[in-house]
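> Need a 3D model of the sequence below.
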Amino acid sequence: MKKGLFITLEGIEGVGKSTHAVFITELLQNNGHEVTLTREPGGTGTGEAIREILLHHKVENMADVTELLLIFSARAQHLDEVIRPALAKNTSIVCDRFTDATYAYQGGGRGLGKDKVRLLEDWVQEGLKPDLTLLFDAPVATGLSRAKKRSTADRFESETIAFFEQVRSTYLDIARAEPERVYVIDAAQSLQQVQADISELFKRKGLC
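Numbers count the residues shown, from 1 in each chain. This next block holds a predicted model:
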């Protein structure tokens, strides 16, 4: 049985993470991996209920710290109910967003900084980090334009350009700081080219 891997997908809105998550899941399954596809916030009944609160426009004046704590509450449940049990059985996890998103959106975009996020990360995750993270990167204008075409903007998608520029910048800082874990993929390319880049990366990593 192949060792279970913890793979996360990151990036701003409109970079195609959900589509690429399905592609990656199938790529791994076709190469002998047992795979669980999941997402954050969400992935459990509790997590999906918290996701609805976080994304819903009817929730007004949510404090930034409240947002941060809700995200880690959903994450704690996700780790307990889905991620840790799967990895213990050598099932790989493909997760649409994880803690890098919290550093980018709440730490960077909301301006809460790294320390509060790191404190919660250390407590909730107890050292667990992804084995591999794919950061799908595209200019903010490109990502938001794509996002607007697919659905009505949620609470995060309605944020300002300046917010998303800070989110993107934080993501790229993380990639520069952890190049052995985080791989940047140009998401402004065509879907076919992005998926070709994913396949090539996975071949280099010996995953397919």
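> Buried residues, the lowest-mean-pLDDT helix or strand in the chain. List them.
Ranked by mean pLDDT, DSSP states H and E, the weakest helix or strand in the chain is helix 140-150, scoring a mean of 82. For helix 140-150, burial by neighbour count (16 or more other C-beta atoms under 10 Å) applies to Val140, Gly143, Leu144, Arg146, Ala147. Where C-beta positions appear, they are placed from N, C-alpha and C, glycine not excepted.
> which one of these is nearest Ala49?
Of all these, Ala49 sits closest to Ala147, with 23.3 Å by C-beta to C-beta.
> quick one: average pLDDT of stretch 99-113?
Model confidence over stretch 99-113, given as mean pLDDT, is 97.
> Extract the CA atoms of it and return them as CSV.
Taking C-alpha atoms only, stretch 99-113 is exported to CSV below (Å, rounded to 0.1, in the frame of the first residue of the first chain):
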residue,chain,number,x,y,z
THR,A,99,-3.7,26.7,6.9
ASP,A,100,-1.7,28.6,4.2
ALA,A,101,-5.1,30.1,3.3
THR,A,102,-5.5,31.3,6.9
TYR,A,103,-2.1,33.0,6.8
ALA,A,104,-3.0,34.6,3.5
TYR,A,105,-6.6,35.7,4.1
GLN,A,106,-6.7,36.3,7.8
GLY,A,107,-3.1,37.0,8.6
GLY,A,108,-2.4,39.0,5.4
GLY,A,109,-5.8,40.2,4.0
ARG,A,110,-7.4,40.9,7.3
GLY,A,111,-4.1,42.2,8.8
LEU,A,112,-4.1,39.9,11.8
GLY,A,113,-0.5,39.0,11.2
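> Could you pull out the buried residues of that stretch?
So stretch 99-113, judged by 16+ other C-beta under 10 Å, has buried residues 99-110, 112.
> how about the strands in the protein?
Ranges of strands in the chain, per DSSP state E, are 6-10, 35-39, 92-96, 132-137, 182-186.
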